[in-house]
Every structure is written in C-alpha cells, then in structure tokens.
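Chemist: fold the following and give me the result.
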Amino acid sequence: MRILFMGTPEFAVASLKRLVEDGHEVCGVFTQPDKPKNRGMKMTFSPVKEYALSQNLTVYQPLKMRDGEALAIVEALRPELIVVAAYGRILPEEILNAPKYGSINVHSSLLPAYRGAAPINWAILDGLDETGVTIMYMAKELDAGDIIHAVKTPIDIDETAQELTLRLADLGAQALSETVDMLAAGTAVRTPQDHEKHTYAPMLSKALSPIDWTKSARQIHDQVRGLIPWPCANTVVGGKNVKVHKTAFGGETTAAPGTVVSAGKQGIEIACGDGRTLLITQLQGEGGKRMAAADYLRGHSVQVGV
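Modeler: Here you go, the predicted model:
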C-alpha cells in the first residue's frame with residue numbers, strides 16, 4: 001500500500017520500521033522541525049527523521065498544517081493511507097480525508113481511556129495493571145475516532161513509563177501491521193468509541209514531581225515509575241533535594257509519614273501514609289548522576305528517625 005507516515009519520537013520509529021519491513025511503499029514521512037538541544041544548542045533530528053533518512057525516505061517538516069503547504073504536499077504524494085504515530089500536530093480534516101483509506105493513528109492506550117498527550121505515564125500514575133494500544137481512524141476531535149484494532153498488555157508493578165513505552169511501541173507496530181492488512185483486504189471494522197467513558201491524559205509537568213509521603217507506598221511507587229524519564233519524582237533527603245529513580249516496597253512501620261526509617265545497603269527507607277515503608281534504591285542528587293542509594297549514602301549524611 002502507498003502510505004504517508006507522520007511521527008516524531010522514538011515511540012513512532014517502530015511503526016515506521018514495520019511498514020518498511022512489510023514492504024509498503026512509504027511515499028513520504030512528516031516529522032516535527034529540527035530543534036536545538038543541550039548546552040551547545042546544536043540542531044538535532046527527531047528519531048523518526050533519523051530512521052527515515054537511513055532508509056532513503058523523503059522527509060517533510062512543515063512548520064504549519066493549516067496554511068495549505070502541508071495539504072499541497074499530501075495531494076502531490078497521493079497516499080492511499082496516512083498513518084500517524086505521536087506526530088505532535090493536529091491535522092486539518094482536508095488532510096485526514098485525502099487518502100483513499102483515510103488516516104489512522106497508533107495510540108498508546110485502550111481508548112476511550114487516556115486520550116491525550118501522556119497516556120503511558122498516566123496509566124502507571126493511576127496504578128493500572130493493564131493497558132494497550134489502539135489503532136483508530138482519526139477524527140476532528142482529539143483521539144475520538146472509530147476504533148479498528150486494540151491489543152491489551154499487562155503492566156508489571158515495577159515497570160517504568162520508559163520501559164512500557166518501548167513495549168507499547170513494538171505492540172503498536174504489530175497492531176498497525178495487522179490493521180493495514182485488514183484495510184487492504186476490506187475486512188476492517190469500525191467500532192465507535194463510548195465517548196461517555198473517555199478519560200484524559202494531559203501533558204506532564206514538574207508540578208507532578210514532589211512526593212507526598214502521606215500517600216500510600218503503592219501510590220508513591222507508581223508516581224516514581226510513572227515519571228521516568230521526565231520530569232522524575234523528587235523529595236528531600238538529609239536536607240538535600242533529590243530525584244527518585246527507583247523504589248521498592250519495604251515493611252510495616254508506626255513512624256510518621258516522611259520519616260527515614262533506615263539508611264544502608266538496601267537503600268533509604270521512608271515511612272508512608274499507609275503504615276508501610278518504601279525504599280529509595282536509586283536516586284540523583286542536584287548536579288549529580290543517577291546512582292544506587294547505597295553509593296549516595298557514602299558521600300551524604302542521612303539521619304535515621306527524621
């Protein structure tokens with residue numbers, strides 16, 4: 001099938017790669033404009049652009065989607081299908097409706113749950129034990145189109161958002177491959193979403209980072225893994241603000257929430273609001289690198305019982 005692909009981050013690369021490997025004619029790739037990065041402010045390519053160029057695919061990076069330029073490109077390319085995966089731009093209806101088979105999206109949740117920008121993170125932040133990917137027709141309203149294909153997967157209790165993203169990228173690529181085959185065969189079924197049951201997954205911010213130790217150990221554990229790799233959960237330990245990268249469940253305690261119960265080889269054990277403790281096993285001090293909590297303790301004093 002002749003396909004125009006639109007995507008930007010690493011999550012989208014798996015879907016584009018699968019389309020190439022399946023032998024489809026990828027007539028073009030839309031991705032976000034290059035952006036300056038790090039202290040040197042060097043212009044960097046998106047992961048999708050890097051992969052596309054490695055496959056000699058033509059890359060387009062329109063600054064706007066509604067000034068007619070993007071539509072002109074789409075019309076010139078004459079795709080039979082547009083596939084979108086984490087592109088980061090809202091597409092006007094004239095672009096969505098241009099291809100013969102329409103436009104479909106690879107979304108990393110089980111719609112109608114978690115429409116929006118950060119579905120993977122919020123599934124973990126909310127303590128879900130299951131999520132998945134949905135392939136849907138794109139519509140004017142964000143992530144509200146009819147569902148074609150959905151695949152579920154369990155979430156491990158220690159799995160971070162970064163780890164889950166990698167798994168869902170591969171799962172989405174497989175679901176996309178199956179969906180394109182169904183579209184080509186004429187067997188794809190449209191299932192309208194139950195809009196009354198929709199939930200929203202807004203963009204992350206640093207306002208989500210501070211740990212409230214009056215919450216339960218499970219809630220804090222989910223906060224830590226749900227905010228990896230950004231913006232990361234943070235707390236004050238020994239008078240120093242630290243980013244918390246990894247935690248493990250401890251035991252029971254009568255100490256007040258936020259109290260350091262122990263600090264040693266196993267990590268920094270802190271009391272939570274449900275009478276249980278949580279061990280900080282990996283952290284990062286201000287201006288420092290990510291390290292095991294035991295290594296951090298060698299250079300930083302942390303008083304037990306405070």
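
Chemist: show me the biggest strand of the chain in terms of residues.
Modeler: The single longest strand within the chain, with elements called by DSSP state E, is strand 240-252.

Chemist: so which residues make contact with the very next helix or strand once past it?
Modeler: For strand 240-252, the following helix or strand on the C-terminal side (DSSP states H and E) is strand 260-264. By Cβ atoms under 8 Å, 6 or more residues apart in numbering, the residues outside strand 260-264 that reach it are 237, 250, 253, 255, 268-271, 277, 293-294, 297, 302-306. Heads up, the C-betas are built off the backbone N, CA and C, glycines and all.

Chemist: quick one: buried ones out of the residues you listed?
Modeler: 237, 250, 253, 255, 268, 269, 270, 271, 277, 293, 297, 302 (16 or more other Cβ atoms under 10 Å).

Chemist: now intersect the residues you listed with the strands, please.
Modeler: Using DSSP E, the members of the buried ones among the contacts of strand 260-264 that fall in strands are 237, 250, 268, 269, 270, 271, 277.

Chemist: beta partners of the first one?
Modeler: Each beta-bridge partner of residue 237 is listed here, defined by DSSP bridges: residue 240.

Chemist: ok so, going back, any chance of the buried ones among the contacts of strand 260-264 in JSON lines, plus pLDDT?
Modeler: Formatted as JSON lines, the buried ones among the contacts of strand 260-264 follow (pLDDT from 0 to 100):
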{"residue": "237", "pLDDT": "95"}
{"residue": "250", "pLDDT": "97"}
{"residue": "253", "pLDDT": "97"}
{"residue": "255", "pLDDT": "97"}
{"residue": "268", "pLDDT": "98"}
{"residue": "269", "pLDDT": "98"}
{"residue": "270", "pLDDT": "98"}
{"residue": "271", "pLDDT": "98"}
{"residue": "277", "pLDDT": "98"}
{"residue": "293", "pLDDT": "97"}
{"residue": "297", "pLDDT": "95"}
{"residue": "302", "pLDDT": "93"}
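
Chemist: mind listing what residue 10 touches?
Modeler: Residues in contact with residue 10 (Cβ under 8 Å, 6+ apart) are 47, 165, 169.

Chemist: for residue 46, same thing?
Modeler: 8, 9, 31, 32, 34.

Chemist: ditto for residue 223
Modeler: Here residue 223 is in contact with 125, 208, 211, 215, 233 (Cβ under 8 Å, 6+ apart).

Chemist: thank you, goodbye.
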